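> I would like to see how this sequence folds:
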Amino acid sequence: MYTEESIEAFLKEQGRLYDEPVAETVEEAEEFLEDCMAVEVKNIKEVRKYLDEAGADVSGMSDEELEEACEVFTLPSGGYLIVEG
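Numbers count the residues shown, from 1 in each chain. I've put the predicted structure just below:
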């Protein structure tokens, strides 16, 4: 369901969102992402739309601020993974 890129990015950067690791293996990371219904999107515009629809007040945030949000993981390919904690 999730790309290898998203799973690896989450596994590497999960400390941005959680105080303690929630996954130690690729399999655990994928299962965690499925459980919390994480979302992969293609661009920052889709990040903004998703967070807005989820009820977050993103109207005054710049694209850079959105990228720095702890629940937004920037992927090497240019996409994003959104993990709501």
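> could you measure from F10 over to D57?
Per C-beta to C-beta, to the nearest Å, F10 is found 25 Å from D57. Using the backbone N, CA and C atoms, a C-beta is placed for each residue, glycine as well.
> now do the buried residues in stretch 31-42.
Across stretch 31-42, burial judged by 16 or more other C-beta atoms under 10 Å covers 32-33, 38-41.
> stretch 65-75 now?
By neighbour count with 16+ other C-beta under 10 Å, stretch 65-75 contains the buried residues 66, 69, 71-73, 75.
> need the helices for this protein, in chain order.
4-13, 26-35, 44-53, 63-68 (DSSP state H).
> how far does the second one sit from its chain's centre?
Looking back up the chat, that one is helix 26-35. Chain-centre distance of helix 26-35: 13 Å, with C-alpha atoms, centre = their mean, to the nearest Å.
> circling back to that earlier point, reformat the buried residues of stretch 31-42 as TSV; add distance to I82.
Converted to TSV, those look like this (distance: C-beta to C-beta, whole Å):
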residue	distance to I82
F32	14
L33	10
A38	6
V39	5
E40	8
V41	7
